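A.B. asks: Fold the following and give me the result.
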Amino acid sequence: DRFIVRQFSPVATIGGGAVLDPLARRPMLRDTGRVGHLETLERAGREDILASLAERAILGLGYGEIVSRTAWMDEEIREAAGKLSALGRVKAVSRDPLVLVSERLFAEVRIRILEKVDKFQKENPLLPGILREDLRASLGKRVRAETFRAALEELVTQKQLDAPGELVKKAGSEISLQPDEVKAKDQIAAAFAGAGLAVPSVKEVLAKLAMETKRAERLLQILLREKNLVRVSPELIFHRRALDEMKEKLATYKKSKGERISVPSFKELTGITRKYAIPLLEYLDRERVTRRAGDERVIL
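C.D. replies: Below is the predicted model of the structure:
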């Protein structure tokens, strides 16, 4: 839009011009690129204008903001964005709705993601990786979700990172245990394996290790992730072999005595008390090995 500047007394026209930036930021001395940006808006073509807008957009440039700043039609925006993407000057981190970030900003986000993952794994060698959402939050509010997702996807495609499920880790990285950790891990597994179905509490098992509790708990989490141990309830953990043997006993029971089993019969079959029997039966229900029918279970 064109404008004029006038004074009221005496009435006189001082000058005029055209609006270059309708959503201008407050001028600051350290903003050394402001003049060049305004000159681009005044004289350049659409591609250069869009590239300049993206370069100055700290959070990325959304479709609505492009429309507000330029008043271009949809096809004009898409055409300019496509040409800039092809030239590697901007990155479309979302297509619908369109979100653009400068290639410089996108490269910075990729570097920061790699640094965060590397730091986390050095500080937490017994964990398989950092949670995806924790990684995104660690980048701060100035990195929008679309930029994070696009940068992470590109790093995975480039085989710099792996992102299985909700975890993110360096590509090809594996947990490396110290000799004392290997020994403690084996001791934890042996304690649960030797107990059968009458398992001790986690606290009891970890207390017997010559290792600080925090490290021991991480070794326990490794065994759970590897499925050597199975958490049946918040308080009870069982060795996988003991659970498999229990399922085999149920299958044999079904063949010889029928598909229904009561709680007392289950306790007799497994040789355990009610403390263990009820959580194990609830676990078997969740696993669809049994189905509750009143006070009994139907073996499926």
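A.B. asks: where does the stretch 201-300 of the chain dip in pLDDT?
C.D. replies: Residues of the stretch 201-300 of the chain that meet the criterion pLDDT under 70 are absent altogether.
A.B. asks: what ranges do the helices span in it?
C.D. replies: When assigned using DSSP state H, counting those that start in this stretch, the helices of the stretch 201-300 of the chain occupy the ranges 202-207, 213-225, 240-257, 263-270, 274-286.
A.B. asks: Which one of those lies nearest to Glu181?
C.D. replies: helix 213-225 (6.1 Å; C-beta to C-beta). Just so you know, the C-beta spots here come from the backbone N, C-alpha and C atoms, and that holds for glycine as well.
A.B. asks: returning to what we had before: can you tell which of the helices of the stretch 201-300 of the chain is closest to Arg26?
C.D. replies: Of all the helices of the stretch 201-300 of the chain, the one in closest proximity to Arg26, counting by C-beta to C-beta, is helix 213-225 (48.6 Å).
A.B. asks: Tell me the helices and strands packed up against that closest one.
C.D. replies: Contacts defined by 3 or more C-beta pairs under 8 Å, 6 or more residues apart in numbering; DSSP states H and E place helix 213-225 against helix 179-195, helix 202-207, strand 229-231.
A.B. asks: Taking helix 240-257 as reference, get the angle to that helix.
C.D. replies: Interaxial angle, helix 213-225 versus helix 240-257 (axes from the mean of the first three to the mean of the last three C-alpha atoms, to 10 degrees): 40 degrees.
A.B. asks: Could I get the buried residue list for helix 213-225?
C.D. replies: For helix 213-225, the buried set under the neighbour-count rule, 16 or more other C-beta atoms under 10 Å, comprises 215-216, 218-220, 222-223.
A.B. asks: And stretch 237-252, by the same measure?
C.D. replies: By 16+ other C-beta under 10 Å, the buried positions in stretch 237-252 come out as 237-240, 242-243, 246, 250.
A.B. asks: okay, the residues you listed in TSV with distance to Leu197 next?
C.D. replies: Formatted as TSV, the buried residues of stretch 237-252 follow (distance: C-beta to C-beta, whole Å):
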residue	distance to Leu197
Ile237	12
Phe238	7
His239	9
Arg240	12
Ala242	5
Leu243	8
Met246	6
Leu250	12
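A.B. asks: related to what we said a few turns ago, so of the helices and strands packed on helix 213-225, which one's packed in deepest?
C.D. replies: Ranked by mean neighbour count under mean count of other C-beta atoms under 10 Å, the helices and strands packed on helix 213-225 are led by strand 229-231, which reaches a mean of 18.
A.B. asks: and that one, how far out from the chain's middle?
C.D. replies: In terms of C-alpha atoms, centre = their mean, to the nearest Å, the centre of strand 229-231 is set 24 Å apart from its chain centre.
A.B. asks: Equivalent analysis for stretch 181-198, please.
C.D. replies: Centroid separation for stretch 181-198 versus its chain: 31 Å, with C-alpha atoms, centre = their mean.
A.B. asks: One more: stretch 172-182?
C.D. replies: For stretch 172-182, the distance to the chain centre is 23 Å (C-alpha atoms, centre = their mean).
A.B. asks: Now do it, average pLDDT.
C.D. replies: Across stretch 172-182, the average pLDDT comes to 82.
A.B. asks: send the alpha carbons of that stretch over as PDB?
C.D. replies: Output in PDB follows, covering the C-alpha atoms of stretch 172-182 (Å, rounded to 0.1, in the frame of the first residue of the first chain):
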ATOM      1  CA  GLY A 172      24.400 -48.500  15.200                       C
ATOM      2  CA  SER A 173      25.000 -47.600  18.800                       C
ATOM      3  CA  GLU A 174      24.700 -50.400  21.400                       C
ATOM      4  CA  ILE A 175      24.800 -50.400  25.200                       C
ATOM      5  CA  SER A 176      28.300 -51.200  26.400                       C
ATOM      6  CA  LEU A 177      28.500 -52.700  29.900                       C
ATOM      7  CA  GLN A 178      31.500 -52.600  32.200                       C
ATOM      8  CA  PRO A 179      32.700 -55.900  33.600                       C
ATOM      9  CA  ASP A 180      31.100 -55.200  37.000                       C
ATOM     10  CA  GLU A 181      27.800 -54.300  35.300                       C
ATOM     11  CA  VAL A 182      27.900 -57.600  33.300                       C
END
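A.B. asks: Show me the strands in the stretch 51-200 of the chain, by range?
C.D. replies: Assigned by DSSP state E, counting those that start in this stretch, the stretch 51-200 of the chain shows strands spanning 61-62, 90-95, 98-102, 130-131, 161-162, 167-170.
A.B. asks: by contact count, what packs against the longest one?
C.D. replies: Taking 3+ C-beta pairs under 8 Å, 6+ apart as the contact definition, the neighbouring helices and strands of strand 90-95 are helix 46-56, helix 74-86, strand 98-102, helix 103-123, helix 145-157.
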